[in-house]
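[1] Below are the sequence and a predicted model for it; my questions follow.
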Amino acid sequence: MAGGTEVMALINAGALYPSGLIAIDRIEELRGVWFADQEIVLGAATTCADLMHSDVRGVLPALAQAARSIAAPGIRSRATLGGNLLSGKRAGGPTAPAPGRDLLTVLVALNGVAVCRSAQGWRQLPVTELYARDGGVELLPGELLTALRVPLTGGPQGFMKVGTRGGASRPMVTFALAADLSARTVMCSIGGFSPSAVRVDHAGQWLADHVDWDNAAIPEPTTYPMFARLIAEGLVVPDSAGPAGWTTAGVPEDYRQKAAEVCARRALIRALPPAGWLEQIREYQQRAEFVRHRATVERAERGLPAEPPVPHPQQQPESQPQAQLPPQVQPPQAQPWTAQQRPAGSEPNPNPYAVRGVRP
């Protein structure tokens with residue numbers, strides 16, 4: 001196990017009695033983020049908190065948004081990328097009330113590739129082929145998911161999620177969208193309602209013809225509701241429960257379609273804003289400035305005081321100086337380590353581009 005957020009919950013509930021556990025969360029080769037020329041390699045033991053790092057958020061914003069929607073900060077510091085993808089039922093097994101595969105929807109939209117390793121060697125396959133038709137995880141005996149390879153699209157992205165309750169919760173509908181400005185294509189996928197996320201290619205092809213690629217914006221406001229309806233109308237919910245187990249199996253179909261429509265519209269607005277949105281913001285700022293000046297003139301004409309009955313910012317009392325400790329109790333100044341004084345295990349990271357989590 002890596003984070004143990006699923007295994008330990010099953011053990012504490014008495015649903016699982018393992019004879020032993022092997023912790024793999026401290027294997028350095030499985031944890032980290034590596035930036036290559038045309039792709040990003042994500043270690044399977046990379047935590048969701050690491051996926052929210054600013055370096056990852058700058059190139060994979062949809063994945064960072066999906067990681068942020070998972071559980072609470074304490075869980076995100078332990079939950080891993082591989083654990084989120086491989087959680088839930090096994091191929092041919094019963095439905096399990098496990099956490100949903102929130103990150104899977106983004107990886108499907110970005111054409112992620114899973115890298116597995118066993119005694120027989122390496123195996124690389126699309127991330128969707130990690131699951132059987134019933135949604136269960138389908139790995140070969142003795143095989144370990146080591147990393148995910150994600151191609152760089154170089155365009156805006158968006159992610160939205162509707163869960164079983166407010167805040168971080170199990171997904172009922174998740175939607176991810178990624179635009180490639182150089183290829184002028186839009187890739188989108190939807191998940192949460194079925195055991196695995198699926199691509200929505202027909203909606204992406206339709207949207208590609210309604211995007212102003214030179215400005216990376218949507219020229220017609222009616223594109224947003226029409227694209228959302230395309231997503232909702234093509235939603236086919238299977239008879240089997242989604243990755244969240246039976247907790248979302250009883251959701252009415254009309255409500256789920258409405259949730260998918262809302263997710264698609266908001267994700268598109270995040271990724272591709274309306275054309276002229278900067279001009280609209282400047283117009284709002286100018287209007288607010290005009291209202292402020294007009295109120296000042298009206299108060300002066302009516303003989304009302306110009307200043308509100310609050311302290312002026314320049315009249316705020318100065319902060320009290322901090323008490324200085326006597327020289328004999330001053331804390332020692334931190335000195336940089338030398339080669340002879342550097343503690344064991346604190347060598348600099350050989351890969352300066354790798355994002356590492358805080359080790360316990």
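    Looks like it arrived, so ask away.

[2] what residues does the lowest-mean-pLDDT helix or strand in the chain touch?
    Among the helices and strands of the chain, helix 277-301 carries the lowest confidence by mean pLDDT, DSSP states H and E, at a mean of 79. Here helix 277-301 makes contact (C-beta atoms under 8 Å, 6 or more residues apart in numbering) with A217, P274, P305, A306. C-beta: built from backbone N, CA, C; applies to glycine.

[3] I'd say G83 and G3 touch.
    Yes. Counting by C-beta atoms under 8 Å, G3 is a contact partner of G83 at 5.3 Å.

[4] ok, these two, which is more surrounded?
    Taking other C-beta atoms under 10 Å, G83 and G3 do not tie; G83 has more neighbours (25 against 22).

[5] mind checking pLDDT for A2?
    If you check A2, the pLDDT there is 89.

[6] roughly how far out does the least confident helix or strand of the chain sit from the chain middle?
    37 Å (C-alpha atoms, centre = their mean, to the nearest Å).

[7] ChimeraX command to pick out the buried ones of the contacts of helix 277-301?
    Buried residues within the contacts of helix 277-301, by 16 or more other C-beta atoms under 10 Å, are selected in ChimeraX with:
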select :217
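
[8] Confidence-wise, which of the contacts of helix 277-301 comes last?
    Among those, A306 has the lowest pLDDT, at 71.

[9] distance of P221 from C263?
    Taking C-beta to C-beta, to the nearest Å as the measure, P221 falls 18 Å from C263.

[10] The two: who's more crowded?
    Per other C-beta under 10 Å, whichever of P221 and C263 has more neighbours is C263, with 27 against 9.

[11] Secondary structure element holding that one?
    For C263, the host element (DSSP states H and E) is helix 253-271.

[12] What ranges does this protein have for its strands?
    Ranges of strands in the chain, per DSSP state E, are 33-35, 39-43, 113-118, 121-126, 144-151, 157-163, 171-180, 185-191, 198-199.

[13] Only the buried residues of the third one, if you could.
    Pointing back at strand 113-118 there. So strand 113-118, judged by 16+ other C-beta under 10 Å, has buried residues V113, A114, V115, C116, R117.

[14] so what's the first one bridging to?
    When you say that, I think you mean V113. As for beta bridges, V113 partners with P126, R149 under DSSP bridges.

[15] Show the pLDDT at it.
    Per-residue confidence at V113 stands at 95 (pLDDT).

[16] Contact partners for it?
    By C-beta under 8 Å, 6+ apart, the contact list for V113 reads Q124, L125, P126, V127, L148, R149, V150.
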